[in-house]
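A.B. asks: Pasting the sequence and the predicted model now:
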Amino acid sequence: MTDPLSPAASVEADGPGTDMSRHNTRVREPRSYVAALALSYFGSYLALMTPVMFALAFKLQHITGTTESATQALGLVAGSGAIVGMIAQPVVGRLSDRTRSSLGRRRPWLLGGTLVGAAALGCVGVADTVPLVLVAWCVAQGGFGAALIAAQATIPDRVPTRRLGLVSGIIGITTPLAILVGSALVTVLSGDLARFLVPGLAAIVLAIPLLALLEDPPLQGTPPPYGVREFVSSVAFDPRAHPNFSWVMASRFLVMFGYAGIGTFFPFFLGERFHLGETDVAQAILVVNVVAVVCLSLSAPIGGIVSDRIGKRRPFVAVAGLIMAAGLLALALAPSLAVVVVAQGIIGLGLGAFMSVDQALAVQVLPNPDDNAKDLGLLALAGTLPQSVGPAIAPVVIGLGSATSLGGYAAWYILGALASLAGALAIHRVRAVR
């Protein structure tokens, strides 16, 4: 599809007190683009979040035989996969900026990443040892990480600044919707293979509209060389050179640690706190996610639209982080499943507003508009790194918490609440955008 409007954007130097708004001359993004992008996001997150939030925990429990051993294995597998993902995204972002394929710069990585990720999920499903699960899951994380960063890199030049909040809000809904659909799939699909392979196949189908409709002209001219030095620069970042972008990354890391890093162990939390079996845990998660998604679906577009209207981002991100911290604290101390449902609804309200406005804020402080995929890869790293740090430190925190009256998993969720609170405070250090 050919867009008659040519994308144009410029960014001033990243310094205190500067206006980092993109002066994109596009009137609005193509409607078909937003719908196709949302479907692609949803498919990739369905393939990634269904294992992270549910299927991996059950899979490893089936292999190891005990919850304690499964907790240790889950920390290793989820943490290792997240490390691969956090490296893959900025590297693929840099490579995508340099790609000269006739298919364009983004399309080859979107297609290849989705296919590789789906195949790797099938391997996770049939694996019968923890090492095999580990290797296959790392490949899946790398594949879908590449697909996501390729899709995300299309946003800055196709969406005008005044509509970033709305579009980011629409995209932000895809993650919780994917978690909701994933939790439903876990309850209706029997067997580990189906629980991994079906989300992977769905991701392939849902990527087709963006692959078909995306205007993705090939790179003109000869790109700069890409060697060891460029590779290091893809995953390295000097926070002093771009302080505003650095604080956005820090805020995202802390808030997402409270959500994604902590949420990996939710099935074990429910099983221990309320003495539930696997089937009951899956059903409880489905109910919880229905409530969370409804709340998020309300707050995400509202937060994005209102922030666009009043021209402010930071207050929305800060309040969203505070709401999430309150929900995580309520979850940690929940005496019943009813309170768990309410707590997840509160978290959903905060997460929706955060994801929509945080994405818009991040795009406005990108250091280099001509290398946006690489910088968006670094930003994505801030969101995926908690999935590595969380599982890595979880056994220690849960073990220490078990020695207290709170219990191990309660202590773990309290840590998440503190992280979200810190993320809400960190956003006030961003000076370039109100």
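C.D. replies: Looks like it arrived, so ask away.

A.B. asks: Where does the prediction get shaky in the stretch 201-350 of the chain?
C.D. replies: 217-228, 230-237, 261-263 (pLDDT under 70).

A.B. asks: and if we set it to 80?
C.D. replies: Along the stretch 201-350 of the chain, segments meeting pLDDT under 80 span 215-242, 259-265, 278, 297, 300-313.

A.B. asks: Ok, the stretch 1-150 of the chain next?
C.D. replies: In the stretch 1-150 of the chain, residues with pLDDT under 80: 1-31, 52-54, 67-68, 71, 82, 85-87, 89-90, 93-94, 97-102.

A.B. asks: rerun that using 50 as the cut-off
C.D. replies: Low-confidence segments of the stretch 1-150 of the chain (pLDDT under 50): 1-24.

A.B. asks: Would you map the strands across it?
C.D. replies: In the stretch 1-150 of the chain, no strands are found when defined by DSSP state E, counting those that start in this stretch.

A.B. asks: Do a quick rundown of the helices in it.
C.D. replies: 31-50, 56-64, 67-98, 107-126, 130-152 (DSSP state H, counting those that start in this stretch).

A.B. asks: and the ones you listed, which is most packed in?
C.D. replies: Mean neighbour count (mean count of other CB atoms under 10 Å) peaks for helix 130-152 among the helices of the stretch 1-150 of the chain, with a mean of 25. Placement of C-beta: from N, CA and C, glycine included.

A.B. asks: List every C-alpha atom in whichever helix or strand comes after it, with coordinates, as CSV.
C.D. replies: Counting by DSSP states H and E, the next helix or strand C-terminal to helix 130-152 is helix 164-172. This file holds the C-alpha atoms of helix 164-172, laid out as CSV (Å, rounded to 0.1, in the frame of the first residue of the first chain):
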residue,chain,number,x,y,z
LEU,A,164,1.6,9.2,19.5
GLY,A,165,-0.4,8.8,22.7
LEU,A,166,-3.5,7.4,21.0
VAL,A,167,-1.6,5.0,18.8
SER,A,168,0.6,3.9,21.7
GLY,A,169,-2.5,3.3,23.8
ILE,A,170,-3.9,1.1,21.1
ILE,A,171,-0.6,-0.9,20.8
GLY,A,172,-0.4,-1.0,24.6
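
A.B. asks: Quick check: which helices or strands does whichever helix or strand comes after helix 164-172 pack against?
C.D. replies: With elements assigned by DSSP H and E, the helix or strand that comes after helix 164-172 is helix 174-188. Judged by 3 or more CB pairs under 8 Å, 6 or more residues apart in numbering; DSSP states H and E, the packing partners of helix 174-188 are helix 31-50, helix 192-213, helix 278-310, helix 337-364.

A.B. asks: what's the angle from helix 174-188 to helix 31-50?
C.D. replies: 50 degrees (axes from the mean of the first three to the mean of the last three CA atoms, to 10 degrees).

A.B. asks: What are the buried residues along helix 174-188?
C.D. replies: Across helix 174-188, burial judged by 16 or more other CB atoms under 10 Å covers 174-186.

A.B. asks: Kindly present those as CSV, with separate columns for distance to Ser336 and pLDDT.
C.D. replies: Converted to CSV, the buried residues of helix 174-188 look like this (distance: CB to CB, whole Å; pLDDT from 0 to 100):
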residue, distance to Ser336, pLDDT
Thr174, 31, 84
Thr175, 27, 78
Pro176, 23, 75
Leu177, 26, 82
Ala178, 27, 87
Ile179, 22, 80
Leu180, 22, 81
Val181, 26, 88
Gly182, 25, 86
Ser183, 20, 80
Ala184, 23, 84
Leu185, 26, 87
Val186, 23, 81
